[in-house]
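[1] Got a sequence here, can you build the structure:
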Amino acid sequence: MSKLIAPHGSEELKPLLLTGDELKEEQKKAKTLTQIKMTSRETSDLIMMGIGAFTPLTGFMGKADWQGVCNEMMMTNGIFWPIPITLSTTEGQADSLKKGEEVALIDEESGELMGTMKIEEKYIIDKEHECKQVFKTIDHEHPGVHKVISQEMVNLAGAVKVLNELHYPQEYGELYMRPAQTRELFKEKGWSKVAALQLRNPMHRAHEYLAKIAVEVCDGVFIHQLVGKLKAGDIPADIRVRAINTLAEHYFVKDTCIQGVYPMEMRYAGPREALLHGVFRQNYGCSHLLVGRDHAGVGNYYGPFDAHHIFDEIPSDALLLQPLRIDNTFYCTKCDGMASMKTCPHDNQYRVILSGTMLRKLLSENQDVPDHFSRPEVLAILKEYYAKLDEAEKIEIKLHKHAKGEK
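    Below is the predicted model:
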């Protein structure tokens, strides 16, 4: 019997991706169906269902589940889920569709057939209510709010069959692992206590410190990079992958960490997204999730440790995975090493505050990066990337207060 943590809400993973003859038959049938265009977020959610990362979901949520998730983070079957997983379309197209009808799901950016769905429900939501509950704001400047407000008027719900993972398997090769594959890998290594490190930035010294804390108390660390769509100004996934590989090669003991990528899109939902990260990392076989300062946050919309506190606000049986909560970390010149608010007694004047936002700002403006901010091998990769950017490609990076070390 496996010593790995069980999948979320199920005794086994539930991947919805078809293969072999079943895939060919569904692809053939899909050519005859009405097409529904999906946004990049909807497409990435569908792939997550396809690979089993969103176990136990079987499709896009209906209104009762949407409402339960928004208000109580609970689906009608009593299973915990922190963020609605929905699909929208125009009123005109929704009117033309019948309950029980099967439709083809098309990624609007690539035009590729992604899956099929049997329509079980059509419904209209209060978008501002979803934003208030999930993002704690209705400010349209918030990138997650903007996406919800911009989605089409009518939600479609129903069970899905997934036919495509887009470019991810080919582009990322062995780094692109489905939950069943990471579970096998962890078992091969004899790991049962595995901490996930969520990343959407290149690893700086604070990330390295977090990962090494986890190495001390777990069997291994799964450095898990998001490679779905980010916001403008973020560093592309291929550059981040190179930077992490370099860091692991030079600064980690062999076989203490594994790098992988996953195809989801960021929502920047702060504490609620931290919970979603916990849900699907449990499906990947991780028993713990590293939660640092301003996890999955953006701007000044969340408190620096809201993502810590929310794990205390959910029912004790909501998740099997546990958070590894790490205080604000920095390099202290007086301590002459990495430290946190819990371990360093010195004043701010001795502390080099580390953040991905600050690092991107310094590099995009061709400014010097302070000593101890990042490893030189990693900085060399990042500087090479920024040196190739035209001025028009450089996005102004705004520093929020957490990135400056302010409360």
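
[2] what about the strand or helix carrying Q35, distance to the chain center?
    Q35 is part of strand 34-38 when elements are defined by DSSP states H and E. Chain-centre distance of strand 34-38: 25 Å, with Cα atoms, centre = their mean, to the nearest Å.

[3] Give the buried residues for stretch 93-100.
    Buried residues in stretch 93-100, counted by 16 or more other Cβ atoms under 10 Å: Q93, A94, L97. Glycine gets a C-beta too; all of them are placed from N, C-alpha and C.

[4] what does it contact?
    By Cβ atoms under 8 Å, 6 or more residues apart in numbering, the residues outside stretch 93-100 that reach it are T34, I36, T89, V103, K118, I119, E120, E121, K122, M153, V154, L156.

[5] So what would you say the end-to-end distance of it is?
    End-to-end span of stretch 93-100 (Cα to Cα, to the nearest Å): 15 Å.

[6] what's the next secondary structure element after the longest helix anywhere in the chain?
    What stands out as the longest helix in the chain, according to DSSP state H, is helix 237-251. Per DSSP H and E, helix 237-251 leads on to strand 257-262 as the next helix or strand towards the C-terminus.

[7] Of the buried residues of stretch 93-100, which is the nearest to M49?
    Nearest to M49, judged by Cβ to Cβ, of these is L97 at 20.4 Å.

[8] about what we covered before: packing partners for the longest helix of the chain?
    Here helix 237-251 touches strand 220-226, strand 257-262, helix 376-387, going by 3 or more Cβ pairs under 8 Å, 6 or more residues apart in numbering; DSSP states H and E.

[9] Pick the most deeply packed of these.
    Mean neighbour count, computed with mean count of other Cβ atoms under 10 Å, is highest for strand 220-226 among the helices and strands packed on helix 237-251, reaching a mean of 23.

[10] so how far is that one from its chain's centroid?
    Centroid separation between strand 220-226 and its chain, computed with Cα atoms, centre = their mean, is 11 Å.

[11] Check the spacing between S192 and A6 real quick.
    Noted for S192: a distance of 12 Å to A6, by Cβ to Cβ, to the nearest Å.

[12] The nearest residue to L319 once chain neighbours are set aside: which element?
    Excluding its sequence neighbours, the residue lying closest to L319 (Cβ to Cβ, 6 or more residues apart in numbering) is G278, at 5.3 Å. Element membership of G278, judged by DSSP H and E, is helix 271-283.

[13] Identify the residues contacting the helix or strand that comes right after that helix?
    Per DSSP H and E, helix 271-283 leads on to strand 288-291 as the next helix or strand towards the C-terminus. With Cβ under 8 Å, 6+ apart as the test, strand 288-291 has contacts from 193-198, 210-211, 213-214, 218, 221, 274, 277-278, 281, 307-308, 311, 321-326.

[14] Many thanks, have a good one.
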